[in-house]
Structures are given as C-alpha cells and as structure tokens.
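*Asks:* sequence? don't have it. structure:
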C-alpha cells in the first residue's frame with residue numbers, strides 16, 4: 001500500500017518537473033529540471049521494484065543514475081563551450 005502511494009506521489013512530482021522543464025526561463029533551469037526528472041525516475045524504478053517484490057531493480061536504478069549523471073555533465077560542458085565561443089566572437 002505504501003509503495004503504491006509513493007509511486008503515485010513520485011509520478012505527480014515528475015509531471016510538475018516536466019512542466020518546469022518545458023517552461024523554464026533559462027537553459028539552466030531546464031537542465032536542472034531534466035536532472036531532477038532523472039533522479040525521480042531512479043526513485044520510481046527503485047520503489048516500483050519493491051512494489052512488485054523485485055529488489056533487483058535497484059541494479060537498473062544504479063545504472064540509470066550513472067547514465068543520468070554523465071549525460072548532464074556532458075550537456076553542461078557543451079553549453080559552457082558554446083557560451084565561451086560566443087563570448088570570444090563578441091570580443092573579437
């Protein structure tokens with residue numbers, strides 16, 4: 001029962017995060033929302049695994065966490081490089 005309520009609460013939070021991701025005023029707000037969505041997905045996978053009595057879903061959650069972390073770091077690195085190139089073009 002408690003796992004079902006937790007899954008529903010996480011899904012509601014994920015919907016709110018998606019609204020923030022699409023309506024964020026800046027690119028950094030959108031990236032933060034995508035990162036939060038990935039974190040909530042990991043939580044959902046873990047809780048759902050316990051809901052259906054399959055705790056080995058934690059392995060999937062850990063792999064998804066690593067993919068989410070590496071993806072966000074790569075996107076932020078790309079945005080930093082683009083902004084640096086734009087600044088250099090303005091000062092040239």
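*Replies:* Noted; the coordinates are in hand. Remember, it's a predicted structure, so these values are computed and weren't measured experimentally.
*Asks:* CA only for contacts and neighbour counts going forward, please
*Replies:* Will do.
*Asks:* by contact count, what packs against the helix ranked longest in the chain?
*Replies:* The longest helix of the chain (DSSP state H) is helix 57-91. Here helix 57-91 touches helix 27-51, going by 3 or more Cα pairs under 8 Å, 6 or more residues apart in numbering; DSSP states H and E.
*Asks:* buried ones in the helix it packs on?
*Replies:* Within helix 27-51, the residues that qualify as buried are 30-51, counting by 16 or more other Cα atoms under 10 Å.
*Asks:* in the longest helix of the chain, what counts as buried?
*Replies:* Residues 57-58, 61, 64-65, 68, 72 are the ones in helix 57-91 that count as buried (16+ other Cα under 10 Å).
*Asks:* of those residues, closest to residue 80?
*Replies:* Nearest to residue 80, judged by Cα to Cα, of those is residue 72 at 12.2 Å.
*Asks:* if you skip the residues just before and after it, what's nearest to that closest one?
*Replies:* Closest residue in space to residue 72, ignoring its immediate chain neighbours: residue 35 at 6.8 Å, by Cα to Cα, 6 or more residues apart in numbering.
*Asks:* do the same with residue 3
*Replies:* Excluding its sequence neighbours, the residue lying closest to residue 3 (Cα to Cα, 6+ apart) is residue 51, at 5.5 Å.
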